[in-house]
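K.L.:
Following is a predicted model, sequence given first.
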Amino acid sequence: MEVLNVFPVLSVVFGLVLIVFILFNKLGLGKNKEIRYVLASLLFIYVITALDYHLSITDQIPATYSGVTYFFYHFTGLLFYYFIALYTKSKINIKKWLPVVIGYTLLRILVFLPFDHYQNLQDFVASLETSNYGIFVLVEYILVSSINTTLMLLAYKKLKKAPLLIVLNENQKTLYNWIKIIIAAVVLMQIVVFITTVLGSLDIGGFNFYLKFETLIYSIFFFIFAFSIMHFPVFAYSGNFEDLSTATIDKYAKSSLSDSSDLFKKVKGVVSNEKMYLDLDLKLNTVAEKLGLSIHHISQAINQNAKMSFPDFINSFRIEEAKKKLLEPQPETIFAIYIDVGFNSKAAFYTAFKKHAQMTPTEFKKLHKSSY
């Protein structure tokens, strides 16, 4: 039991160190600062939760504020899903979901307004056993936990389904599998925390023990996450040269590729002339092998000259090919066209088409037909 007393403090200290590392270390996670901010925010919720537990257990916090971090609990699933979406370079409509999140948050605040009538967190939890309000709060907790777990499972599914833009070597495969295990462990942690919280609400005598046990879980999570964060292969998802680690960029900056414009012409030529873009599973390695160069040099040439990522660069050829097919006298179906030009889903085709043509395929077709 004495050992468990250390973990709340350890979770807070280790979590804060990890947050600083994520925000200011150049290693891992690529150039997108947003992904760092989202991940740091997620970890910050776990840190203040561990701190809240510690202060509540030791009675070092006013009763009014004890347990207040539970208000942030529903953000864990949301932030985790958003982090994976950013990490895998997936599209997500923030404006669409923001009102839902705000409404969701306000409803949860209303649920816990009666908390002010209790002296401390333990008294509040104890009162739940003897009131109808307690059943309502328990249902609310189960609902929020279910939503968090569902979002985390969807994030894990998104990670597994996200296309990789390079062929992984054996070392990278090991790291990639390790990352999937880490994400699965986060989902498992969410389930364990849910179970310990429910048990704590049913066993008031052991309430402090369950709080300490939860912070033990957080400590283990921080330790595993700290080990894995340095190996996140963001470049494998983005194909963006600037998402490589600083050491890798420096290595290739000192290599023979001082002017990438000539190489870009070769890349553009081989992709266009050999219609490589029609390959559904085209990777940087395929283009690199054609030209006998490294994937890093190919990525650098595309990023610096086309001012776009490898997927966007390839999609630009696919969209031009799709435009030709759409304007044929008797065009094929949309399904047939997007498969023919190298897309594996209608959603991906429409997203890319709108990005490159500023209109949908249907709008493009109507616009050009009216000009005939």
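P.N.:
That came through, no problem.

K.L.:
Tell me the secondary structure at the most centrally placed residue in the chain.
P.N.:
Among the residues of the chain, the one closest to the centroid is Ile84, at 1.4 Å (C-alpha atoms, centre = their mean). Three-state call for Ile84 (DSSP: H, G, I helix; E, B strand; the rest coil): helix.

K.L.:
quick one: it and Ile183 touch, right?
P.N.:
Yes. Here Ile84 reaches Ile183: they are 7.4 Å apart, a contact under C-beta atoms under 8 Å. Bear in mind the C-beta positions are built from the backbone N, C-alpha and C, glycine included.

K.L.:
what's the overlap in contacts for those two?
P.N.:
Taking C-beta atoms under 8 Å, 6 or more residues apart in numbering as the criterion, Ile84 and Ile183 both touch 155-156, 159.

K.L.:
and which of those is nearest to Gly30?
P.N.:
Leu159 (15.3 Å; C-beta to C-beta).

K.L.:
List the buried residues for the helix or strand hosting the closest one?
P.N.:
In this assignment (DSSP states H and E), Leu159 forms part of helix 132-161. Under the neighbour-count criterion of 16 or more other C-beta atoms under 10 Å, helix 132-161 has 134, 137-138, 141, 144-145, 148-149, 151-153, 155-156, 158-159 buried.

K.L.:
helices or strands next to it in the packing?
P.N.:
Here helix 132-161 touches helix 75-87, helix 94-111, helix 121-128, helix 170-202, going by 3 or more C-beta pairs under 8 Å, 6 or more residues apart in numbering; DSSP states H and E.

K.L.:
follow-up on the earlier one: next one: the residue lying closest to the residue nearest to the centre of the chain once chain neighbours are set aside from Pro361, what distance?
P.N.:
Computed as C-beta to C-beta, 6 or more residues apart in numbering, the closest residue to Ile84 that is not its neighbour in sequence is Ala155, at 3.9 Å. Using C-beta to C-beta, to the nearest Å, Ala155 is found at 30 Å from Pro361.

K.L.:
Can you give me the neighbour number for Phe21?
P.N.:
When neighbours are counted by other C-beta atoms under 10 Å, Phe21 registers 15.

K.L.:
which secondary element of this protein has the worst mean pLDDT?
P.N.:
For the chain, the helix or strand with the lowest mean confidence is helix 246-253, at a mean of 50 (criterion: mean pLDDT, DSSP states H and E).

K.L.:
Report the buried residues of the helix or strand following that helix.
P.N.:
Scanning forward in sequence from helix 246-253 by DSSP H and E, the next helix or strand is helix 261-273. Within helix 261-273, the residues that qualify as buried are 263-264, 267-268, 271, counting by 16+ other C-beta under 10 Å.

K.L.:
got the residues you listed as a markdown table, with distance to Tyr73 and pLDDT columns?
P.N.:
A markdown table is the format used below for the buried residues of helix 261-273 (distance: C-beta to C-beta, whole Å; pLDDT from 0 to 100):
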| residue | distance to Tyr73 | pLDDT |
| --- | --- | --- |
| Leu263 | 50 | 88 |
| Phe264 | 49 | 90 |
| Val267 | 48 | 91 |
| Lys268 | 50 | 91 |
| Val271 | 48 | 91 |
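
K.L.:
Backbone dihedrals for Lys91, both of them.
P.N.:
Backbone torsions for Lys91, taken as degrees, to the nearest 10, come to phi -90, psi 140.

K.L.:
quick one: contacts for it?
P.N.:
So Lys91 contacts 85, 351 (C-beta under 8 Å, 6+ apart).

K.L.:
and stretch 87-98, C-alpha only, in PDB?
P.N.:
Provided in PDB are the C-alpha atoms of stretch 87-98 (Å, rounded to 0.1, in the frame of the first residue of the first chain):
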ATOM      1  CA  TYR A  87      -0.700  11.500 -37.000                       C
ATOM      2  CA  THR A  88      -2.100   9.500 -40.000                       C
ATOM      3  CA  LYS A  89      -2.700  12.600 -42.000                       C
ATOM      4  CA  SER A  90      -6.500  11.900 -42.100                       C
ATOM      5  CA  LYS A  91      -9.100  14.500 -42.700                       C
ATOM      6  CA  ILE A  92     -11.400  15.600 -39.900                       C
ATOM      7  CA  ASN A  93     -14.000  18.400 -40.000                       C
ATOM      8  CA  ILE A  94     -13.300  20.400 -36.800                       C
ATOM      9  CA  LYS A  95     -16.000  23.000 -37.500                       C
ATOM     10  CA  LYS A  96     -18.600  20.300 -37.800                       C
ATOM     11  CA  TRP A  97     -17.800  18.700 -34.500                       C
ATOM     12  CA  LEU A  98     -17.000  21.700 -32.400                       C
END
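
K.L.:
re the thing from before, need the buried residues of helix 261-273 in TSV with distance to Val187, can you?
P.N.:
As requested, these are exported to TSV (distance: C-beta to C-beta, whole Å):
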residue	distance to Val187
Leu263	42
Phe264	42
Val267	40
Lys268	42
Val271	39
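
K.L.:
For Tyr104, state which of those residues is nearest.
P.N.:
Nearest to Tyr104 among these: Val271, at 44.9 Å, using C-beta to C-beta.

K.L.:
buried ones in stretch 162-181?
P.N.:
Under the neighbour-count criterion of 16+ other C-beta under 10 Å, stretch 162-181 has 162, 164-168, 172, 175-176, 179 buried.

K.L.:
Reformat those as CSV; add pLDDT.
P.N.:
Shown next, in CSV, are the buried residues of stretch 162-181 (pLDDT from 0 to 100):
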residue, pLDDT
Ala162, 83
Leu164, 81
Leu165, 80
Ile166, 80
Val167, 79
Leu168, 76
Gln172, 73
Leu175, 74
Tyr176, 78
Ile179, 77
